[in-house]
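Asks: test case, fold it:
(chains A and B)
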Amino acid sequence: MTSTVGRMLIVLLPFLVIAVFWATAVMERRIAGHPGQRGFFERNGIAISIYLLAAIGIWILLMIVLPQLYMVDYSFHPKLPAAQRGGEKDVYTLENYRYFIFGSTVRTDQFNTLHLRAFFLTIGASIFITILNFAICYPIAYYMAQVAGPARLRVLLLLLIIPYWVNEILRAFALVIIFGTSGLINTALLNLGAVSNPIDFLGHDIALYTGLSYAYLLIMVFPLFNAIESLDKNQIEAARDLGAPWWHIHLFVVMPFAKPGIASGCTLVFMLTAGALAAPLILGGPKSLWFTPIVYDRFYQAFNWNQGSAYAFVLLLACIAFVLLVLKLFKVSLGEIAR
Amino acid sequence: MSSRLVLKAAIGFYIALFFLYLFGPLVVMGVTAVNTPNYPQAYPFEGFTLHWFSALMGDNELVEGIKNSLIIGALVVAITVPIGLAGAIVMTQVYWRARSLYYLIVVSPVLTPGVILGISTVIFWKDLTTLTGLKTLYDGIFLATIGQATFISAYCMLVFLSRLQRFDRAQEEAALDLGASNSQVFFHILLPFLKPAILSAAVLAFLSSFENYNTTTFAILANKTLTTVLAGRVRQGTTPAISALAVIIILTTLAGAILYEVLKRREDRVKAKRAQIAAEEERGGLMVIEAAE
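Replies: As a prediction, this is how the structure comes out:
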């Protein structure tokens, strides 16, 4: 019974928020009384207004807000056969989260080390890959934005755009060809006599981390390039004339200026890496740990959607935490990083 | 002088290394597609063959996947472009107290992992279709379209927003003063102004949909798309046929990507030209004033 009420509240919540804002807007207009300002319907005409409201209504309610809220609600319910849903057994419970932490829906005496390790490893490795990609891309972005002439810049941009659209599955596959037991590197090493047995790159996660870094490299380049491009060359010249060493110029002139671009690139790379599914599936060895394949298995191997939702929500919380951390660290607003 | 030369060489070396990292794996994959051995092998090169390309022709699962990907791509374009447009227009008009919340909500799909968008879409629509009795809508193609459209609409919105920033509201006001109706203003002033953005948003939407895997794999249910077929094949085992397929996909996507870039470039050039004309007109105007004085 309570769960039905809970679901109804979830559906009502967004409408409540809209109603509150609508009421404040109307009241504010009454009090301030801007005579020249036209209302939404007057301004757009009835037909266009209906299109605008319907389009963003479907998008925001049916595609963004309600599914997310519904997923969170789902994660707090036990797995039940369809007939019992909404019945007496359909109560709010923490058992899915208990399973994630303790490996059991009832006991709490030992930790679910496999899943917890996979989770923290995923977050840690994603942070590492984000920093690595920043380090790889910063010199390139700086060179393109400040040093390269227009003709060379055009060539470089074209060269970057070509691999940008290559699907992540194919990227992972390309790395399998290189890192596999009978892949390019091992064949070459064996032929040269450098090793007597092939090196297991896949089993040691080398292929996985390289693949993740490789897949999202360009996601980092473009935001950095866009940010550094708008920096006035005179600022760099001035710093140089005043005797600043090159690393001072980068650390205290270029990077502070490019903060929104750095934040944007880091957020996107982290989110894509932590949420990557194809690369871990294809490049992971039998003992590799990554969190998203575990989420996938909750759904389509264990067929426990409630547990899967809990796992997905944990991942989402980690991503939100990372975004907030970046916003705080770089002191930028969300509007500056999402472009 | 010589230290400058060393620096230049170092930069050149770094750039070369970067592009080697970027292109090396793709080139290796391309070579394996035309090499004869059964395992994708780039070295040693044993002989040129197109056998792996012809092996793809009779592959029914693959053909079905491509067909579904094209259908979903077309549906996604049809949904996301109007939604993105509405999202951008509303952004310019939304009540100021609600603006940051509105922005947070519409941009959040871009920053949410794709798997989560897929999961929430499936869960929500499963219950919604059951409750409303529209069971036929609980279908892989429909769900994948909706799941992808969630974040691709935001991409489109960002494309429209950047163009709308340059829209001169005075044009709208002038048309209204001259007696145009609101819908006439919309269709004859706003839409023509946004036309280049509509085109590039559509190409961007299609490309994003076509290459999406994370959201699709959760939402597609029993159906198949090109990316899910591809992922299954790569996991099963590696054959040069996948390399051949990869070469075809990369070439096709490239055609789309280049089209998208050309459209964007052309718009940028028009923009630059307009700015130049405006600057010249201003200068011309000043000269007229000076001459009058």
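Asks: C-alpha from now on. contacts and neighbour counts both.
Replies: Will do.
Asks: what number of residues lie near A:Tyr32?
Replies: Wrong residue type there; residue A:32 is Ala, not Tyr. Applying other C-alpha atoms under 10 Å in any protein chain shown, we find 8 residues neighbouring A:Ala32.
Asks: the residue nearest the centre of chain B: what secondary structure?
Replies: For chain B, the residue sitting closest to the mean C-alpha position, by C-alpha atoms, centre = their mean, is B:Leu204 at 2.6 Å. At B:Leu204 the chain is in helix, as set by DSSP: H, G, I helix; E, B strand; the rest coil.
Asks: per-residue confidence for it?
Replies: Per-residue pLDDT puts B:Leu204 at 89.
Asks: what's the helix or strand for the spatially most central residue of chain A?
Replies: Nearest to the mean C-alpha position of chain A, by C-alpha atoms, centre = their mean, lies A:Met271 at 1.9 Å. Following DSSP states H and E, one finds A:Met271 within helix A:259-274.
Asks: for the record, mean pLDDT for the helix or strand following that helix?
Replies: As assigned by DSSP H and E, the chain's next helix or strand after helix A:259-274 is helix A:278-283. Average pLDDT, helix A:278-283: 88.
Asks: helix A:278-283 vs chain B: in contact?
Replies: Yes. Contact check for helix A:278-283 against chain B, using C-alpha under 8 Å from any C-alpha of the partner chain: residues in range are A:Ala278, A:Leu281, A:Ile282.
Asks: tell me, how many residues neighbour A:Glu137?
Replies: For residue A:137 the amino acid is Cys, not Glu. The local packing of A:Cys137 (other C-alpha under 10 Å) involves 21 other residues.
Asks: just checking, what packs against whatever helix or strand it lives in?
Replies: Here A:Cys137 sits within helix A:113-142, counting by DSSP H and E. In this structure, helix A:113-142 packs against helix A:95-102, helix A:206-215, helix A:217-229, helix A:259-274, helix A:291-300, with contacts taken as 3 or more C-alpha pairs under 8 Å, 6 or more residues apart in numbering or on different chains; DSSP states H and E.
Asks: near chain B, which residues of the stretch 51-200 of chain A?
Replies: Counting by C-alpha under 8 Å from any C-alpha, the stretch 51-200 of chain A sits next to chain B at A:51-53, A:55-56, A:59-60, A:63-68, A:70-71, A:136, A:140, A:161-163, A:165-167, A:169-171, A:173-175, A:177-178, A:183-184, A:187-188.
Asks: which residues does A:Gly265 contact?
Replies: A:Gly265 is in contact with A:Phe134, A:Ile219, A:Met220, A:Val221, A:Phe222, A:Pro223, A:Leu224, counting by C-alpha atoms under 8 Å, 6 or more residues apart in numbering or on different chains.
Asks: same list (the residues of helix A:278-283 next to chain B) but as TSV, adding distance to B:Glu172 and neighbour count.
Replies: Shown next, in TSV, are these (distance: C-alpha to C-alpha, whole Å; neighbours: other C-alpha atoms under 10 Å in any protein chain shown):
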residue	distance to B:Glu172	neighbour count
A:Ala278	48	28
A:Leu281	53	21
A:Ile282	53	24
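Asks: return the member of the residues you listed nearest to B:Ser120.
Replies: Closest to B:Ser120 out of the residues of helix A:278-283 next to chain B is A:Ala278 (19.1 Å), distances taken as C-alpha to C-alpha.
Asks: wait, doesn't that closest one sit right on B:Ala231?
Replies: Yes. Counting by C-alpha atoms under 8 Å, A:Ala278 touches B:Ala231, with 7.1 Å between them.
Asks: quickly list what's touching both of those two.
Replies: A:Ile169.
Asks: report whether the helix or strand that contains B:Ser153 contacts chain A.
Replies: Taking DSSP H and E as the definition, B:Ser153 sits inside helix B:140-164. Yes. Using C-alpha under 8 Å from any C-alpha, we find that helix B:140-164 touches chain A at B:Ile146, B:Gly147, B:Thr150, B:Leu158.
Asks: got those as JSON lines, with pLDDT and neighbour count columns?
Replies: Formatted as JSON lines, the residues of helix B:140-164 next to chain A follow (pLDDT from 0 to 100; neighbours: other C-alpha atoms under 10 Å in any protein chain shown):
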{"residue": "B:Ile146", "pLDDT": "95", "neighbour count": "28"}
{"residue": "B:Gly147", "pLDDT": "96", "neighbour count": "29"}
{"residue": "B:Thr150", "pLDDT": "96", "neighbour count": "28"}
{"residue": "B:Leu158", "pLDDT": "91", "neighbour count": "21"}
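Asks: A:Leu170: what's it in contact with?
Replies: Contacts of A:Leu170 (C-alpha under 8 Å, 6+ apart): B:Ala246.
Asks: try the one 4 residues further on
Replies: The neighbourhood of A:Ala174, defined by C-alpha under 8 Å, 6+ apart, consists of B:Pro25, B:Leu26, B:Val28, B:Met29.
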